[in-house]
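**Q** Pasting the sequence and the predicted model now:
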Amino acid sequence: MTDASQSFMDMFKKLGEQLQVPSFDTTKIMEHHQKNLDAMGRSWQAMTSGATAVANKQREIFEAAMKDMTEMAASYTPSGPPQEVFGKQAEFAKKAFEAAIKNTRDIAELVQKSGADALKIIHERMQESYDEIRRSVERK
């Protein structure tokens, strides 16, 4: 049995020696985790930049839609033959539909790019981490 005055760390160290557990460099472990945290921070920054770009694009889309609707309302005169009125409405609907498709594509590209950028950062860090571990094992 162990002496009551023996510290927990001493007991843990002695157990490690008895089990012949190889020593490890806590400084390197901390550096490794710091690099992981840094990569996560850069990844979140990429995602945040992407979210900001999407929000800006949505604001731009909203402003353009409001401008188009204001112009249409100002120039709308329901006079004339029904075919002409219907033609104007159909043209506006076509223009709005084409704009919606383009805007959806633009937003999807922004989301895809920011996600890809964030994943690239994590993937690169995982590769670096793997290389660091492999090198540390090869040295021993």
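**A** Yep, that arrived. Being a predicted model, the structure only gives us computed values, none of them experimental.
**Q** Can you classify residue 79 by secondary structure?
**A** coil (DSSP: H, G, I helix; E, B strand; the rest coil).
**Q** Neighbours of it, how many?
**A** 7 (other CB atoms under 10 Å). The way it works is simple: take the backbone N, C-alpha and C, and place the C-beta from them, glycine included.
**Q** ok, now residue 118?
**A** The burial count for residue 118: 21, using other CB under 10 Å.
**Q** Could you do residue 18 as well?
**A** Neighbour number of residue 18 under other CB under 10 Å is 8.
**Q** again, but for the one 4 residues further on
**A** Other residues lying near residue 22 total 6 when counted by other CB under 10 Å.
**Q** Helix, strand, or coil at it?
**A** coil.
**Q** how close does it get to residue 137?
**A** Noted for residue 22: a distance of 11 Å to residue 137, by CB to CB, to the nearest Å.
**Q** Over to residue 83?
**A** 79 Å.
**Q** cool, residue 54 as well?
**A** Relative to residue 137, and taking CB to CB, residue 54 is found at 43 Å.
**Q** neighbour count winner among the two?
**A** Ranked by neighbour count (other CB under 10 Å), residue 54 and residue 137 place residue 54 first, with 16 against 8.
**Q** which SSE is the closest residue to that one other than its chain neighbours in?
**A** Once flanking residues are discounted, residue 54 sits nearest to residue 110: 5.1 Å by CB to CB, 6 or more residues apart in numbering. Element membership for residue 110 (DSSP states H and E) is helix 82-139.
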